[in-house]
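Enquirer: Sharing a sequence plus its predicted fold:
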Amino acid sequence: MTPLRWGLLGTARINRSLVPALRASPRNELAAVASRDAARADAYAREWGIPRSFGGYDELLADRDVDVVYNPLPNGLHAEWTVRAARAGKHVLCEKPLAIAVEQVDAVAEAARAAGVVVAEGLMYRHNALTREVKAIVDRGTLGELRLVRGCFTFPFTRERDVRLDPALGGGSLWDLGVYPIGYARLMIGAEPVEAHGMQTLGPSGVDLAFAGQLRFPAGVVLQCDTGFRAAFRREVEIVGSEAALLVPNPFKPGPSEPLHVTRGDERETITVAGSEQLYLGEVEDMADAVLLGRPPAVSLDDSRGTVAAIVALLRSAREGRPVELA
Ligand SMILES: NC(=O)c1ccc[n+]([C@@H]2O[C@H](COP(=O)([O-])OP(=O)(O)OC[C@H]3O[C@@H](n4cnc5c(N)ncnc54)[C@H](OP(=O)(O)O)[C@@H]3O)[C@@H](O)[C@H]2O)c1
């Protein structure tokens, strides 16, 4: 089988996680990189041993020898360049969040449908054994009826200039990190939220540096989540049922072996789950399954749309200081 030839749209830091995964996968290979700056593309290609480089994203999209584009651009550019790539006939693995407006997700879906290409959001934890085990525990009813999910992702962010602080590029902690607890909770609950309450602390550039949100789901299940660039490092999910609670200490970037803790009354059971050595391998293999074997990607565009809709509602709630209903 001829491997899929990938092109990187930009020299983003996150490429460092994807490139080793592409190299570990026999069905994928790294063929090209583009940068807004030709010299940067050139230097990057030499540093990473990438065969071709382009001094512009459109040039990479015009290259017939690229099958799949990886889009790690700033959040506010995800939808625009994913649509452009799809129109150029490329399959796209797009970094999270897929877009920063529901209408943008719809435009991506329409472009993918019209061009007959696969587009998926890169959510590495979705392809991991730990996530599958948590979902199985929830679906088996081990916790009883679901009542509450708590999820957080915060870290002290020290860079003074970064795409995450730029409101014009979809900056802010909720767009950067909210996809994790919100997407995780939607997966575990298996439903879409109906109401959003948000509260934010804005920084000097106008983006949220801290966000606390609550989403109400059908049957009274609630997600409480917080994200932030100014708090200590925390990354955790707790899923609370009518009979037991499950703590997932490392849900989003699981390593090769991760504990899960189930608390029932005074008893606490720890389950150890074996994961993958290569966290990002799952998403590139998933693209290969989708493109080469015609399987639906693990993260559908509808799924990505649900997370974007929830984030948009939370931000609106925080801005307007009132709860916001979701359609
Ligand atoms: N899945 C994960 O684990 C994970 C982790 C971190 C980040 N991410 C996601 O990956 C994406 C990139 O994050 P990052 O931290 O890697 O960002 P980054 O290092 O700042 O890279 C962003 C790249 O976008 C290009 N770019 C195009 N227009 C730009 C503009 N106006 N300003 C700045 N850069 C521009 C630049 O490439 P050129 O200059 O070469 O054109 C730049 O290298 C984000 O969407 C983020 O949410 C995902």
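Expert: Cool, the structure landed. Residues are numbered from 1 along each chain as shown.
Enquirer: Only C-alpha atoms from now on, for both contacts and neighbour counts.
Expert: Fine.
Enquirer: Surely Phe211 and His197 touch.
Expert: No. Phe211 is beyond contact range of His197, at 10.6 Å (criterion: C-alpha atoms under 8 Å).
Enquirer: Neighbour count: these two, which is higher?
Expert: Legend: neighbour count by other C-alpha atoms under 10 Å for Phe211 and His197, higher for Phe211 (25 against 21).
Enquirer: what residues are up against the more buried one?
Expert: Ser173, Leu174, Gly198, Met199, Gln200, Thr201, Asp226, Thr227, Gly228 (C-alpha atoms under 8 Å, 6 or more residues apart in numbering).
Enquirer: can I assume it sits in a strand?
Expert: Yes. Secondary structure assignment places Phe211 in a strand (DSSP: H, G, I helix; E, B strand; the rest coil).
Enquirer: what sits opposite it in the beta ladder?
Expert: Gln200, Thr227 (DSSP bridges).
Enquirer: State the distance from it to the ligand.
Expert: Taking C-alpha to the nearest ligand atom, to the nearest Å as the measure, Phe211 and the ligand are separated by 16 Å.
Enquirer: for Glu121, same thing?
Expert: Between Glu121 and the ligand the distance, using C-alpha to the nearest ligand atom, works out to 9 Å.
Enquirer: tally of neighbours for that residue?
Expert: Neighbours of Glu121 under the rule other C-alpha under 10 Å: 24.
Enquirer: Mind checking what secondary structure it has?
Expert: strand.
Enquirer: could you list every residue that touches it?
Expert: Glu121 touches Leu93, Cys94, Glu95, Lys96, Pro97, Leu98, Val299, Ser300, Leu301, Ser304, counting by C-alpha under 8 Å, 6+ apart.
Enquirer: I'd say the fourth one and Gly183 touch.
Expert: Okay, so that is Lys96. No. The pair Lys96 / Gly183 is not scored as a contact, 10.5 Å apart, by C-alpha under 8 Å.
Enquirer: Neighbour count for those two, which is higher?
Expert: Just comparing Lys96 and Gly183: by other C-alpha under 10 Å the higher neighbour count belongs to Lys96, 26 against 19.
Enquirer: Quick check, pLDDT for that one.
Expert: Per-residue pLDDT puts Lys96 at 98.
Enquirer: how about it, what does it touch?
Expert: Asn75, Glu121, Gly122, Leu123, Asp176, Val179.
Enquirer: again, only this time at 7 Å
Expert: Shown in contact with Lys96 (C-alpha atoms under 7 Å, 6 or more residues apart in numbering): Glu121, Gly122, Leu123.
Enquirer: Same check on Gln214?
Expert: Gln214 makes contacts with Ala196, His197, Gly198, Val222, Leu223, Gln224, Cys225, as judged by C-alpha under 7 Å, 6+ apart.
Enquirer: so which pair among these is furthest apart in space?
Expert: In terms of C-alpha to C-alpha, the contacts of Gln214 reach their longest pairwise distance at Gly198 and Val222, which sit 13.1 Å apart.
Enquirer: out of these two, which sits in the more crowded spot?
Expert: It is Gly198, of Gly198 and Val222, that has more neighbours when counted by other C-alpha under 10 Å, with 25 against 22.
Enquirer: Quick check: residues of the stretch 151-300 of the chain near the ligand?
Expert: Applying C-alpha under 6 Å from any ligand atom, we find that the stretch 151-300 of the chain lies next to the ligand at Val163, Asp176.
Enquirer: what ranges do the helices span in the stretch 151-300 of the chain?
Expert: 173-177, 179-189, 281-293 (DSSP state H, counting those that start in this stretch).
Enquirer: Looking at those, which one is packed in the most?
Expert: helix 173-177 (a mean of 24; mean count of other C-alpha atoms under 10 Å).
Enquirer: How far off centre is it?
Expert: Distance of helix 173-177 from the chain centroid (C-alpha atoms, centre = their mean, to the nearest Å) equals 10 Å.
Enquirer: and what of stretch 275-292?
Expert: Offset of stretch 275-292 from its chain centre (C-alpha atoms, centre = their mean): 14 Å.
Enquirer: Next: stretch 97-106.
Expert: With C-alpha atoms, centre = their mean, you get 13 Å for stretch 97-106.
Enquirer: what's the first-to-last distance across it?
Expert: End-to-end distance of stretch 97-106 (C-alpha to C-alpha, to the nearest Å): 14 Å.
Enquirer: Run through who's touching that stretch.
Expert: By C-alpha under 7 Å, 6+ apart, the list of residues contacting stretch 97-106 reads 75-76, 78-79, 121, 170, 175, 179, 304-305, 308-309, 312.
Enquirer: Pull out the buried positions in that stretch.
Expert: For stretch 97-106, the buried set under the neighbour-count rule, 16 or more other C-alpha atoms under 10 Å, comprises Pro97, Leu98, Ala99, Ile100, Ala101, Val102, Gln104, Val105, Asp106.
Enquirer: In terms of distance to Leu130, which of these ranks first?
Expert: Lowest distance from Leu130 to those (C-alpha to C-alpha) belongs to Pro97, with 21.5 Å.
Enquirer: What separation do you get for the closest one and Asp303?
Expert: From Pro97 across to Asp303, the span is 11 Å (C-alpha to C-alpha).
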